[in-house]
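A.B. asks: Provided below for reference: sequence and predicted model.
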Amino acid sequence: MVEKLTVNLLTPDTVVLQKEAEMILVPGDDGEIGILPEHIALVTRLKPGVVKIYNAGKVEDKIFISGGFAKVHQNQLNILVESYNNIEDLNAELTQKEISHFEEELMTSENEDFLNSTFKEIALRRKIIETIQEYR
């Protein structure tokens with residue numbers, strides 16, 4: 001039996017991380033999904049949250065993602081994201097300023113597409129604040 005699987009964190013431009021892992025937890029739409037070696041093939045959408053990579057029975061990496069997709073196939077997990085940050089790099093003060101800026105923009109626009117996009121940006125940043133509070 002295979003004891004590890006390969007995890008690849010990808011953006012549209014580059015491979016961000018490639019490593020072997022005993023287990024990976026990803027933030028699925030309906031909750032965390034645990035991926036172990038020999039996992040069945042799977043394609044799923046990911047919501048904003050934390051990818052946790054385990055080795056030696058403990059979390060080795062915690063990476064905040066903005067959402068994306070995960071594909072498991074032949075003992076390899078590919079996670080495609082638009083943006084990511086290591087938990088240690090998240091900045092609560094800056095994120096709160098960004099939320100305030102977006103909230104101000106909401107007051108000045110009536111364009112429905114712009115409003116929907118702005119609400120999504122605010123929700124993402126609120127998830128960042130929640131993640132900072134949980135992991136620090």
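C.D. replies: Now that the structure is in, tell me what you want to look at. Keep in mind that this is a model prediction, so the values were computed, not measured. Residues are numbered from 1 along each chain as shown.

A.B. asks: distance of the spatially most central residue of the chain from residue 112?
C.D. replies: Nearest residue to the geometric centre of the chain (C-alpha atoms, centre = their mean): residue 65, 2.1 Å. To residue 112, residue 65 is 27 Å away according to C-beta to C-beta, to the nearest Å. For glycine as for every other residue, the C-beta is placed from the backbone atoms N, C-alpha and C.

A.B. asks: hmm, back to that, name the nearest residue to the residue nearest to the centre of the chain, sequence neighbours excluded.
C.D. replies: Residue nearest to residue 65 in three dimensions, not counting chain neighbours: residue 81, with 4.4 Å by C-beta to C-beta, 6 or more residues apart in numbering.

A.B. asks: that neighbour: what's it in contact with?
C.D. replies: 9-11, 46, 65-68 (C-beta atoms under 8 Å, 6 or more residues apart in numbering).

A.B. asks: okay, the residues you listed in a markdown table with pLDDT next?
C.D. replies: Below are the contacts of residue 81 laid out as a markdown table (pLDDT from 0 to 100):
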| residue | pLDDT |
| --- | --- |
| 9 | 98 |
| 10 | 98 |
| 11 | 96 |
| 46 | 98 |
| 65 | 98 |
| 66 | 96 |
| 67 | 96 |
| 68 | 97 |
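
A.B. asks: in a helix, that's where residue 51 is, yeah?
C.D. replies: No - the assignment for residue 51 by DSSP: H, G, I helix; E, B strand; the rest coil gives strand, which leaves it out of any helix.

A.B. asks: bridging residues for it?
C.D. replies: Note on residue 51: beta-bridge partners by DSSP bridges are residue 63.

A.B. asks: good, wrapping up.
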